[in-house]
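**Q** Test case, fold it:
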Amino acid sequence: MNPTPKKILIVDDEEYVVDMIKLRLEEEGYEIQSAPDGSVAIKTAESFQPDLIIMDLMMEGLTGTETIKILKANKNTSIIPVLVLTGKVSEEDKKEVLSAGAKDFITKPILPARLLFQIKKMLPSDGE
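**A** Just a heads-up that it's a prediction; the model follows:
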């Protein structure tokens, strides 16, 4: 019997990034939804209840960090781990996103193998 696929929400305003990640993760058997910005991400996280959220930091409207703080303050989404995807990598940025509640982060440009490794590390499969 196949385990229920893990659900991942990808939050990024760059469509090609979302498409690339989505394609790769669907090949691995993950169920994917995406959101173009923080406010849509919050609504989607509540309804979709993903096992993991992959969050860009630099977006229109709410930043990734602001969105993470809102998700972590919401009882319906507070336990969902967040993997931050960013082109910004200063020590200050790292501290800020981790203190906001992100579990880990990965820098752009994204290497699919590295992203997959991070996801598997954060989402152990049921049989492990």
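**Q** For the rest of this, base every contact and every neighbour count on C-alpha atoms.
**A** Fine.
**Q** who touches the residue most central in space within the chain in this structure?
**A** Closest residue to the average C-alpha location of the chain: Ile54 at 1.2 Å, with C-alpha atoms, centre = their mean. Residues near Ile54 by C-alpha atoms under 8 Å, 6 or more residues apart in numbering: Ile8, Leu9, Ile10, Val11, Val82, Leu83, Val84, Leu85.
**Q** After whatever helix or strand it lives in, which helix or strand is next? Please name it.
**A** Here Ile54, judged by DSSP states H and E, is contained in strand 52-56. Per DSSP H and E, the first helix or strand lying C-terminal to strand 52-56 is helix 64-73.
**Q** Going by neighbour count, which residues in that following helix are buried?
**A** For helix 64-73, a neighbour-count test (16 or more other C-alpha atoms under 10 Å) marks Gly64, Thr65, Glu66, Thr67, Ile68, Lys69, Ile70, Leu71, Lys72 as buried.
**Q** same for it, what does it pack against?
**A** helix 38-48, helix 91-100 (3 or more C-alpha pairs under 8 Å, 6 or more residues apart in numbering; DSSP states H and E).
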